[in-house]
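Asker: What follows is a predicted structure for the sequence shown.
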Amino acid sequence: MSSINVKVGNVELKSPLILASGTCNFGHELSEYYDLSILGGLSSKGLTIKPRQGNEGCRVAETSSGMLNSVGLQNPGVDYFIENDLDYMRSLNTGVIVNAAGHSFEDYIAMVRKLDLHKDKIDALEINLSCPNVKAGCMTLGADPVQVKQIVSLMRKETDLPLWIKLTPNVTDIKAVALAAQEGGADAVVLINTLLGMVIDIKTRRPVLRNNTGGYSGPAIKPVAIRMVAECSKVLDIPIIGCGGIMSYEDVIEFMIAGASAVEIGTGSLIHPTLPVKITEDLNRYVDEKDIDLKDLTGTLELW
Amino acid sequence: MNKEYSCIVCSKKMLNPDTAYLTIKCPEIASSAVPGQFVNISCSYFLKRPFGIASVDIENGTFDIGVKVVGKGTKEIASFEEGKEVSVLGPLGNGFTFDKDRNYILVAGGTGVFPINFASEYLRSMGIDHKVVEGFRDGSQVVLSRPDYVLCTDSGDKGIKGTCIAGLETIDKDYLSKSVLCCVGPLPMMRACGNWASEKGISSYVSMEQRMGCGIGICLVCVCKLKAEANGEEFRHVRCCKEGPVFPFEEVVW
């Protein structure tokens, strides 16, 4: 029997499709468009210890094949989330991935401690070491393999929940950072967060984004993500969740061949809210026609 | 369940050289939309474009939008002809709410005339008394005006010379005292109209605008600033597309 079930380490998902953090909030809005239980999972909006109002607008700039955002981790804070949204996410009958961000080691550890108290409702913690839109923590920390290993090992001591580390592509050597996460005790890495970019309004000679720079996402970044998944797949023992510009089932398969065990869809659902429904149907048809288990495709890339 | 609808453009006319008016077939949107709500329309560029709904025809299952060319996306959408297939999300956001026991003063600036047109049609159909004040830069920009509307132009070549405030000043005090003001237009115009209403002691609502991503509340890019809810914050960012676009004037941080 062919199937689209996958596993990320010990986490079993009914589909490789996870909604990427920051593109599905906590599921309420998209559940008005389709039954989210078809998904492998949902990764919450990036949470921080304290509520954040995020950056000033304008927060979005369109490009020819994608968009830049500079939301700046606007979120209601982890306590509010636990009180008001976690049970809702659990009720969606899909994998519950909680995305946590911070400005310091202490922040990340405090987040993991708080969330570990609710581990019965959470399938994995996705640790955001990669947001390009906040002044401290996140990407700065996540670009340094030494600090990545340190922070992951400190979080590892606080929880048995699977720790998925979401990494920034804004580094010279992604393998070094991914290996550092593995050495620190990560259960998986998520590749990739957005690429740091800028769009200028030639009439005003100012950046379109009020934050000047923002995170570039969408189909334009897919080849970068595929390359990074392929590179890391060759050196890592832990699984990879691929992310970056997925718009079709072929994109999902490409990520899996490159080495991803599962994938995240982000900007695609901003453009077409029901895109994951179409991709799920197409993946099911693909595995039926080929008579394969989708998970067997992971890491089947043969380099020249 | 909400859907992304595949719709056909039924008719298109140019209201002036850079403003198109499209009628689009979508019975679901036509029958459920309220004034102040918007739709997101696809084009060949990456993001959909938001447009306030300008009118609905429930019998024929169509809705209308006005498209002023401001960039490459609106230029393309303004060029759509009859028969063109477009992908549409909607109706989106929270529109105006109307109370049968009140009068309404609808104020439109520039492209704000489109959602205000829908509001006026809706109030007429409900038998709710209202007046419309429209403000444009000059006579060449005037679209969707009616003889009973109070028309103002900055240049003075049509209607009253001056901004919407000049038009508002023509409304008599008794009428004003029973009225609520609903305003759609550029931010400085809405701020001026809201302040004017506050001075007169009447409440007002504004339709906020910000660059949008998804239009359905999941990307958090189209925020506007509202006054904080007494939790120590100076303000709170809320989504124009989801909590808005219509907000009470007094709640907005200007």
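Answerer: Arrived safely.
Asker: Check which residues of stretch B:238-254 are buried.
Answerer: Using 16 or more other C-beta atoms under 10 Å in any protein chain shown as the test for burial, stretch B:238-254 gives B:238-247, B:249, B:252. Every residue, glycine included, has its C-beta placed from N, CA and C.
Asker: What about these, which are in helices?
Answerer: If you go by DSSP state H, the buried residues of stretch B:238-254 have nothing in helices.
Asker: which of these lies closest to chain A?
Answerer: Nearest to chain A among the buried residues of stretch B:238-254 is B:K242, at 7.0 Å by C-beta to the nearest C-beta.
Asker: got a list of what the closest residue to that closest one other than its chain neighbours touches?
Answerer: The shortest distance from B:K242 to any residue other than its chain neighbours is 3.3 Å, reached at B:G217 (C-beta to C-beta, 6 or more residues apart in numbering or on different chains). The contact partners of B:G217, by C-beta atoms under 8 Å, 6 or more residues apart in numbering or on different chains, come to A:25, A:29, B:239, B:241-242.
Asker: rerun that using 6 Å as the cut-off
Answerer: Contact partners of B:G217, counting by C-beta atoms under 6 Å, 6 or more residues apart in numbering or on different chains, are A:29, B:239, B:241-242.
Asker: Columns pLDDT and distance to B:P91 on top of these, output as TSV?
Answerer: Listed next are those as TSV, based on pLDDT from 0 to 100; distance: C-beta to C-beta, whole Å:
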residue	pLDDT	distance to B:P91
A:E29	97	15
B:R239	97	16
B:C241	97	12
B:K242	97	13
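Asker: Where does pLDDT dip in the chain?
Answerer: Since you didn't name a chain, this refers to chain A. Scanning chain A with the threshold set as pLDDT under 70 gives A:135-138.
Asker: ah, I was thinking of chain B
Answerer: Under the criterion pLDDT under 70, the flagged ranges of chain B are B:230-231.
Asker: Specify the residue ranges that define each domain of it.
Answerer: B:4-92, B:96-207, B:210-254 (automatic domain parsing).
Asker: Any idea which of those domains gets closest to A:T172?
Answerer: Of all the domains of chain B, the one in closest proximity to A:T172, counting by C-beta to C-beta, is domain B:4-92 (28.7 Å).
Asker: Is the closest one positioned near chain A?
Answerer: Yes. Residues of domain B:4-92 are located near chain A by C-beta under 6 Å from any C-beta of the partner chain, namely B:4, B:46-47.
Asker: Nearest to A:G184, out of the residues you listed: which one, please.
Answerer: Relative to A:G184, the closest of those is B:F46; by C-beta to C-beta it sits at 36.5 Å.
Asker: Leaving out chain neighbours, which residue sits closest to the closest one?
Answerer: Nearest residue to B:F46 in three dimensions, chain neighbours excluded: A:E62, at 5.2 Å (C-beta to C-beta, 6+ apart).
Asker: Pull the residues that contact the longest helix belonging to chain A.
Answerer: The single longest helix within chain A, with elements called by DSSP H, is helix A:275-290. With C-beta under 6 Å, 6+ apart as the test, helix A:275-290 has contacts from A:2, A:4, A:15, A:17, A:34, A:38, A:249, A:265, A:268-269, A:294.
Asker: Format those residues as TSV; extra columns: secondary structure and distance to A:L47.
Answerer: As requested, these are exported to TSV (DSSP: H, G, I helix; E, B strand; the rest coil; distance: C-beta to C-beta, whole Å):
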residue	secondary structure	distance to A:L47
A:S2	coil	37
A:I4	coil	29
A:S15	coil	24
A:L17	strand	22
A:Y34	coil	24
A:I38	helix	25
A:Y249	helix	30
A:I265	strand	20
A:G268	helix	23
A:S269	helix	19
A:L294	helix	30
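Asker: Ends of stretch A:218-226, what's the gap?
Answerer: 13 Å (C-alpha to C-alpha, to the nearest Å).
Asker: For the stretch 51-200 of chain A, list the residues in contact with chain B, please.
Answerer: Proximity of the stretch 51-200 of chain A to chain B (C-beta under 6 Å from any C-beta) is limited to residues A:53-54, A:57-60, A:62, A:69, A:71, A:74.
Asker: hang on, the earlier thing: now the residue nearest to B:F46: phi and psi?
Answerer: phi -80, psi 150 (degrees, to the nearest 10).
Asker: Quickly list what it is bridged to.
Answerer: On the basis of DSSP bridges, A:E62 is bridged to A:M67.
Asker: shouldn't B:V67 be in contact with B:E76?
Answerer: No. Counting by C-beta atoms under 6 Å, B:V67 sits too far from B:E76 to count as a contact (9.6 Å).
Asker: what does stretch B:37-52 rub up against?
Answerer: Taking contacts as C-beta under 6 Å, 6+ apart, the residues outside stretch B:37-52 that touch it are A:62, B:53, B:65, B:73, B:76-77, B:86-93, B:95, B:114-115, B:212, B:215.
Asker: Please flag which of those residues sit within helices.
Answerer: Per DSSP H, helices hold the following members of the contacts of stretch B:37-52: B:73, B:76-77, B:114-115.
Asker: and which of these is nearest to chain A?
Answerer: Distances from chain A to the ones in helices among the contacts of stretch B:37-52, taken by C-beta to the nearest C-beta, are shortest for B:G73, at 8.0 Å.
Asker: Just give me the neighbour total for the closest one.
Answerer: By other C-beta atoms under 10 Å in any protein chain shown, the residues close to B:G73 number 20.
Asker: Same question for B:D138.
Answerer: Neighbours of B:D138 (other C-beta under 10 Å): 12.
Asker: again, but for B:K227
Answerer: Neighbours around B:K227, by other C-beta under 10 Å: 13.
Asker: mind pulling up the phi and psi values for it?
Answerer: Per-residue torsions, B:K227: phi -60, psi 150 (degrees, to the nearest 10).
Asker: now swap in B:L176 and tell me
Answerer: Taking degrees, to the nearest 10, you get phi -60, psi -40 for the backbone angles of B:L176.
Asker: Report the spatially nearest residue to it, omitting neighbours in sequence.
Answerer: When the adjacent residues along the chain are set aside, B:L176 lies closest to B:K200, with 5.8 Å between them (C-beta to C-beta, 6+ apart).
Asker: any idea how far the one you found lies from A:D291?
Answerer: Plainly put, B:K200 is 74 Å away from A:D291 if you go by C-beta to C-beta, to the nearest Å.
Asker: for the closest residue to chain B within the stretch 101-250 of chain A, what are its contacts?
Answerer: Residue nearest to chain B within the stretch 101-250 of chain A (C-beta to the nearest C-beta): A:G218, separated by 6.4 Å. Neighbouring residues of A:G218 by C-beta under 6 Å, 6+ apart: A:66-67, A:245, A:267.
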